[in-house]
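Dropping the sequence and predicted coords here.
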Amino acid sequence: MAKNTICLWYDKDAEAAALFYAETFPDSAVGAIRRAPGDYPSGKAGDVLVVEFTVAGIACIGLNGGPAFRHTEAFSFQIATDDQQETDRYWNAIVGNGGQESDCGWCKDRWGISWQITPRVLTDALALGGGEAQRAFAAMMSMKKIDVAAITAARLG
């Protein structure tokens, strides 16, 4: 296990979420699955309690802790994409698997985890500053899934 690991609280579906992430994102995998040694408030002995996994190289633990806590946009994974095809693939996998769209390249998976599917053409434009950044930012503000061609056109003016 990594020294620093992100712990994500799930109601009861940490294993299903980890499997989905491993199938969807490169450099992702499911590791150890630990079962509860005894009954606990939202489960019983033998239930999956903790799942170790990686998402795009980031070490995570999924904890099946019950319904007490919900995810918010205060935490999100940001996935940098190289083109529209990659952007579409991740966006469609998340939204098409029971997730929901949000604004400016954000979406949520069916477990409530927020994702920013962010083409590098956008982050590159924002890093430049000036008019190019302003135009790219203005274009992004009107989008749900980021449109690479529209961002590229906005950058050019």
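Nice, I can see it.

how many neighbours does the closest residue to G112 other than its chain neighbours have?
Closest residue to G112 apart from its sequence neighbours, by CB to CB, 6 or more residues apart in numbering: H71 at 3.9 Å. C-betas here are computed from N, CA, C, even on glycine. Applying other CB atoms under 10 Å, we find 16 residues neighbouring H71.

quick one: H71 and C7, what's the gap?
12 Å (CB to CB, to the nearest Å).

my read: I6 touches L63, true?
No - judged on CB atoms under 8 Å, I6 makes no contact with L63 at a distance of 10.8 Å.

Have a look at the two and say which one is more surrounded.
The neighbour count for I6 versus L63, taken as other CB under 10 Å, is higher for L63 (17 against 14).

how about the strands of this structure, start to end?
6-10, 29-35, 48-55, 58-64, 76-81, 100-101, 106-108, 114-119 (DSSP state E).

Adding mean pLDDT as columns, could you present the ones you listed in JSON lines?
Below are those laid out as JSON lines (pLDDT from 0 to 100):
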{"stretch": "strand 6-10", "mean pLDDT": "97"}
{"stretch": "strand 29-35", "mean pLDDT": "98"}
{"stretch": "strand 48-55", "mean pLDDT": "98"}
{"stretch": "strand 58-64", "mean pLDDT": "97"}
{"stretch": "strand 76-81", "mean pLDDT": "98"}
{"stretch": "strand 100-101", "mean pLDDT": "98"}
{"stretch": "strand 106-108", "mean pLDDT": "98"}
{"stretch": "strand 114-119", "mean pLDDT": "98"}
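
Select, out of those strands, the one closest to A133.
strand 114-119 (14.4 Å; CB to CB).

ok, so what distance separates the spatially most central residue of the chain from A56?
Geometric centre of the chain, nearest residue: W115, 3.3 Å, by CA atoms, centre = their mean. Per CB to CB, W115 is found 11 Å from A56.
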